[in-house]
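Colleague: sequence unknown, structure follows:
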């Protein structure tokens, strides 16, 4: 299949261009550098030569493509022009942009939103040399490419419940392994809820069980972080076949897992983190940190709910609010990352992030998008805690998944 744009996307893009008084949206890519354009056009690896696509509120899309790569555009239903040399390309681009004063591209002033800052400065310079002013497409993306849609929302809800059930099953296996003292090493053959399930000997074996269980439930692009004890203080820890920690009593247990429905191109990811303690009582310092995280997480959602629909916060607003709760409770030194990331058909989607610390994401949390809310605190060599839920910006306000979120750390009984 060659390059294409969905009719729904084109129509929505036209509506947003008109609403924002923009003359056009100019998509550009080279070697897949601009993943937004590449994904929208169904060319995830990009092409070996530069291409441009112009979306205008008053005309059909127009493409400018190198002649040697026209085969990749087989079936393109709109106007297309080819070029060979750079002078020919620049002349054709100038013709394409005639009568267009302001166009949006994937740029971000000051690199404030690096997920969208994908068009090289030289390309912007080229476009503006043709008498056109370039502005950021970030708000267009929130209203188009980042939208979940009804199908995406429904599939995300289903995936979220599967993830929640699997996380609970993983902790039950871990608790049994900790009580047993030494796992049997056969958890890879077990499934959640099996009375005779083998017990994992270490983090890696349990991670393999999680991946297999999610796949069995009809999900794809599955993965997980299973971390015990001090390893939970490493936010992107990945247990390996050799050297992963044993599952032992008296340790913090973290499971972060993500996936989306298989065989569904519009399926949206679900992404969650759950915490447990492999003992009967949570130590006081860990419990205090957990309570602060729950308060921060829920406080972030409440801030969004309070502003709906007239005073929608930005991603940076929510991040600042969540971090202020953690700081007020004395956990400033444990914060290592932003509050959340955009979610759509990619795990880290193109919509707004909840971030004022790593970047400056001042995009509004508009209806139709979704994201994670996942505050964490980490203390190297001791413990790490994170709680993660997903939020969809629905017509009636923020919708949280899964249906039942975690307020108390799980305990081994």
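Modeller: Done, it's in. Predicted, not measured: the structure shown is a model, and the values here were computed from it.
Colleague: quick check: the gap between the residue most central in space within the chain and residue 271.
Modeller: Nearest to the mean C-alpha position of the chain, by C-alpha atoms, centre = their mean, lies residue 348 at 2.3 Å. Residue 348 is 9 Å from residue 271, where distance means C-beta to C-beta, to the nearest Å. For glycine as for every other residue, the C-beta is placed from the backbone atoms N, C-alpha and C.
Colleague: quick one: end-to-end length of stretch 333-342, please.
Modeller: Stretch 333-342 has an end-to-end distance of 25 Å (C-alpha to C-alpha, to the nearest Å).
Colleague: can you check stretch 351-360 too?
Modeller: Stretch 351-360 end-to-end distance (C-alpha to C-alpha) = 13 Å.
Colleague: ok, now stretch 403-413?
Modeller: End residues of stretch 403-413 are separated by 24 Å (C-alpha to C-alpha).
Colleague: contacts made by it with the rest, please.
Modeller: Stretch 403-413 has contacts (C-beta atoms under 8 Å, 6 or more residues apart in numbering) with 160-161, 164, 168, 171, 174-175, 178-179, 249, 253, 274-282, 286-287, 290, 294, 387, 389.
Colleague: in helices, which of these fall?
Modeller: Under the assignment DSSP state H, the contacts of stretch 403-413 contribute 160-161, 164, 168, 171, 174-175, 178-179, 286-287, 290, 294 to helices.
Colleague: buried only: go through the contacts of stretch 403-413 for me.
Modeller: 160, 164, 168, 171, 174-175, 178, 253, 274-279, 282, 286, 290, 294, 387, 389 (16 or more other C-beta atoms under 10 Å).
Colleague: is residue 353 in contact with residue 341, as I believe?
Modeller: Yes - using C-beta atoms under 8 Å, residue 353 is in contact with residue 341, at 5.0 Å.
Colleague: any low-confidence regions in the stretch 101-250 of the chain?
Modeller: Applying pLDDT under 70 to the stretch 101-250 of the chain picks out residues 182-197.
Colleague: helices along the chain, start to end?
Modeller: Counting by DSSP H, the helices of the chain are 7-19, 35-40, 86-96, 121-129, 138-143, 149-180, 203-216, 284-306, 315-328.
Colleague: okay if I get those helices as TSV plus distance to residue 52?
Modeller: Below are these laid out as TSV (distance: least, C-beta to C-beta, whole Å):
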stretch	distance to residue 52
helix 7-19	15
helix 35-40	9
helix 86-96	6
helix 121-129	9
helix 138-143	16
helix 149-180	27
helix 203-216	40
helix 284-306	37
helix 315-328	29
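Colleague: please name whichever of those helices is nearest to residue 225.
Modeller: Taking C-beta to C-beta, helix 203-216 is the member of the helices of the chain nearest to residue 225, at 7.4 Å.
Colleague: pull out the buried positions in the closest one.
Modeller: For helix 203-216, by 16+ other C-beta under 10 Å, it's 203, 204, 205, 206, 207, 208, 209, 210, 211, 212, 213, 214.
Colleague: now do the third one against residue 116, distance only.
Modeller: Yep, that's residue 205 we're talking about. 39 Å.
Colleague: ok, now the first one?
Modeller: Between residue 203 and residue 116 the distance, using C-beta to C-beta, works out to 35 Å.
Colleague: then the second one?
Modeller: Taking C-beta to C-beta as the measure, residue 204 falls 36 Å from residue 116.
Colleague: and if you look at the last one?
Modeller: Counting by C-beta to C-beta, the gap from residue 214 to residue 116 is 30 Å.
Colleague: the fourth one now?
Modeller: Distance, residue 206 to residue 116, by C-beta to C-beta: 37 Å.
Colleague: what of the fifth one?
Modeller: Counting by C-beta to C-beta, the separation of residue 207 from residue 116 is 32 Å.
Colleague: the residue lying closest to residue 70 once chain neighbours are set aside: neighbour count?
Modeller: Spatial nearest neighbour of residue 70, chain neighbours left out: residue 82 (5.7 Å); criterion: C-beta to C-beta, 6 or more residues apart in numbering. Around residue 82 there are 17 other residues, counting by other C-beta atoms under 10 Å.
Colleague: show me what residue 82 is bridged to.
Modeller: residue 65 (DSSP bridges).
Colleague: might one say that it is in contact with residue 65?
Modeller: Yes - Residue 82 lies in contact with residue 65 (C-beta under 8 Å); the separation is 5.6 Å.
Colleague: can you pull the contacts of the nearest residue to residue 124 once chain neighbours are set aside?
Modeller: Distances taken as C-beta to C-beta, 6+ apart place residue 134 nearest to residue 124, at 5.0 Å, with adjacent residues excluded. Neighbouring residues of residue 134 by C-beta under 8 Å, 6+ apart: 26, 102, 103, 104, 105, 107, 124, 127, 128.
Colleague: before we move on, what about residue 56?
Modeller: Per C-beta under 8 Å, 6+ apart, neighbours of residue 56: 14, 17, 23, 24, 25, 62, 100.
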